[in-house]
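S.K.: how would this look folded up:
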Amino acid sequence: MSDHQLLERLRAEGLDPGAWSNGPGERYAPHAHAYDKVIVVASGSITFDLTARGERFDLGTGDRLELPAGVEHDATVGSDGVACLEAHLPTGAITVARHLPAGAW
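M.R.: Just a heads-up that it's a prediction; the model follows:
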């Protein structure tokens, strides 16, 4: 699915996604957000570790991660870098972290 198609699918859900990208091997230290968020990988790969929960989600192109507010996580970008679409939702809109593989959402 193209970047444009992913963007349109998120917009069809009423979301207003922004885009970001990182180079190979870049890392985000453990942190949490005060809002729920939806992340879709447009290209490349990234691994999210939910540090306090001991969960790991390996995301590739087309995969989606739904992350509730307050869930501490870190992330490591894959060897080819990553480009993502991200939308924020009010706290409580997402109740459980979950990974939806490409084609499953």
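S.K.: leaving aside the residues next to it on the chain, what's closest to the residue nearest to the spatial centre of the chain?
M.R.: For the chain, the residue nearest the mean C-alpha position is residue 39 (2.6 Å; C-alpha atoms, centre = their mean). Nearest non-adjacent residue to residue 39, counting by C-beta to C-beta, 6 or more residues apart in numbering: residue 65, 4.6 Å away. C-beta coordinates here come from the backbone N, C-alpha and C atoms, glycine included.
S.K.: what's the local residue count around the one you found?
M.R.: By the other C-beta atoms under 10 Å criterion, the neighbourhood of residue 65 contains 22 residues.
S.K.: contact partners for it?
M.R.: When contacts are counted by C-beta atoms under 8 Å, 6 or more residues apart in numbering, residue 65 touches 38-40, 48, 57, 59, 97-100.
S.K.: about what we covered before: the residue nearest to the centre of the chain in helix, strand or coil?
M.R.: Using DSSP: H, G, I helix; E, B strand; the rest coil, the secondary structure recorded for residue 39 is strand.
S.K.: pull the contacting residues for it.
M.R.: Contact analysis of residue 39 by C-beta under 8 Å, 6+ apart lists 59, 64-65, 67, 84-86.
S.K.: hey, what's it bridged with?
M.R.: Here residue 39 sits in beta bridges with residue 65, residue 86, going by DSSP bridges.
S.K.: the one 10 residues further on too?
M.R.: Applying DSSP bridges to residue 49 yields these beta-bridge partners: residue 56, residue 74.
S.K.: that one contacts residue 59, doesn't it?
M.R.: No - the pair residue 49 / residue 59 is not scored as a contact, 11.8 Å apart, by C-beta atoms under 8 Å.
S.K.: got the CA coordinates for the helix or strand bottoming out on mean pLDDT in the chain in CSV?
M.R.: For the chain, scoring each helix and strand by mean pLDDT, DSSP states H and E identifies helix 3-12 as the least confident one, at a mean of 94. What follows is helix 3-12, C-alpha atoms only, in CSV (Å, rounded to 0.1, in the frame of the first residue of the first chain):
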residue,chain,number,x,y,z
ASP,A,3,2.0,6.3,1.5
HIS,A,4,-1.0,8.1,0.0
GLN,A,5,-3.3,5.1,0.5
LEU,A,6,-2.2,4.7,4.1
LEU,A,7,-2.7,8.4,4.7
GLU,A,8,-6.2,8.2,3.2
ARG,A,9,-7.1,5.2,5.3
LEU,A,10,-6.2,7.0,8.5
ARG,A,11,-8.1,10.1,7.4
ALA,A,12,-11.2,8.0,6.6
